[in-house]
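the sequence and its predicted three-dimensional model are supplied below.
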Amino acid sequence: GIAIAVGNVDAHAAVPAVGVVTPGKLVMAMGTSICHMLLGSEEKQVEGMCGVVEDGIIPGYYGYEAGQSAVGDIFAWYVDEAVPAYVVEAAKQEGISIHEWLEKKASELNVGESGVLALDWWNGNRSVLVDTDLTGMMVGLTLLTKPYEVYRALLEATAFGTRKIVEA
């Protein structure tokens with residue numbers, strides 16, 4: 001009558017938790033980083049894949065895992081360390097978080113519109129390059145660059161990083 005908990009990798013537990021128990025759907029557990037997980041019926045070599053484990057996520061399937069080392073951490077860093085006071089005040093006046101304010105303004109831009117580009121390697125690259133020594137980068141900044149343009153570039157970098165993983 002004693003309940004016994006079974007250990008599991010936190011992101012892996014999310015796969016069956018969202019109802020994915022057969023191959024064909026990608027699950028992304030998003031937080032400070034992103035873990036991309038996919039079930040497969042056979043083992044295949046995939047460029048830059050962090051791990052492929054038989055029965056690793058769901059018994060009877062291969063669990064493929066890839067990821068981005070820094071996602072929420074990048075946005076938290078930006079808000080905590082680089083956002084100017086006027087943005088903090090504007091968000092406060094609107095009664096929303098700084099992230100919400102920046103996202104709202106960033107959503108008004110088209111992809112690449114500001115000319116600011118970023119790489120999401122701020123904590124290395126987990127997939128597909130698998131190099132923890134890589135660092136993030138931003139280019140295209142000018143004296144007219146707005147905080148929400150930087151935020152948009154970070155969002156686009158995250159999306160592009162995910163796209164590279166999915167394509168691999």
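Happy to help now that I have it. Residues are numbered from 1 along each chain as shown.

show me how far the lengthiest helix in the chain is from its chain's centre.
Looking across the chain with DSSP state H, the single longest helix is helix 147-167. Counting by CA atoms, centre = their mean, to the nearest Å, helix 147-167 is centred 8 Å from the centre of its parent chain.

what's the mean pLDDT across that helix?
Regarding helix 147-167, the rounded mean pLDDT is 96.

ok, and what's touching it?
Residues from elsewhere that reach helix 147-167 (CB atoms under 8 Å, 6 or more residues apart in numbering): 26, 28, 34, 36, 48, 66-68, 71, 74-75, 78, 82-84, 87, 101-103, 105-106, 109, 111-114, 116-120, 127-128, 136, 138, 140-141. (Each C-beta comes from the backbone N, C-alpha and C, glycine too.)

could I get it in CSV with only the CA atoms?
What follows is helix 147-167, C-alpha atoms only, in CSV (Å, rounded to 0.1, in the frame of the first residue of the first chain):
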residue,chain,number,x,y,z
PRO,A,147,14.4,47.6,-27.1
TYR,A,148,11.5,45.8,-28.7
GLU,A,149,13.6,45.4,-31.9
VAL,A,150,16.2,43.6,-29.9
TYR,A,151,13.5,41.5,-28.2
ARG,A,152,12.1,40.6,-31.7
ALA,A,153,15.6,39.6,-32.9
LEU,A,154,15.9,37.3,-29.8
LEU,A,155,12.5,35.7,-30.6
GLU,A,156,13.5,35.2,-34.2
ALA,A,157,16.8,33.6,-33.1
THR,A,158,14.9,31.2,-30.9
ALA,A,159,12.5,30.3,-33.8
PHE,A,160,15.4,29.9,-36.2
GLY,A,161,17.2,27.6,-33.8
THR,A,162,14.1,25.5,-33.4
ARG,A,163,13.7,25.4,-37.2
LYS,A,164,17.3,24.1,-37.6
ILE,A,165,16.6,21.3,-35.1
VAL,A,166,13.3,20.3,-36.8
GLU,A,167,14.9,20.3,-40.2
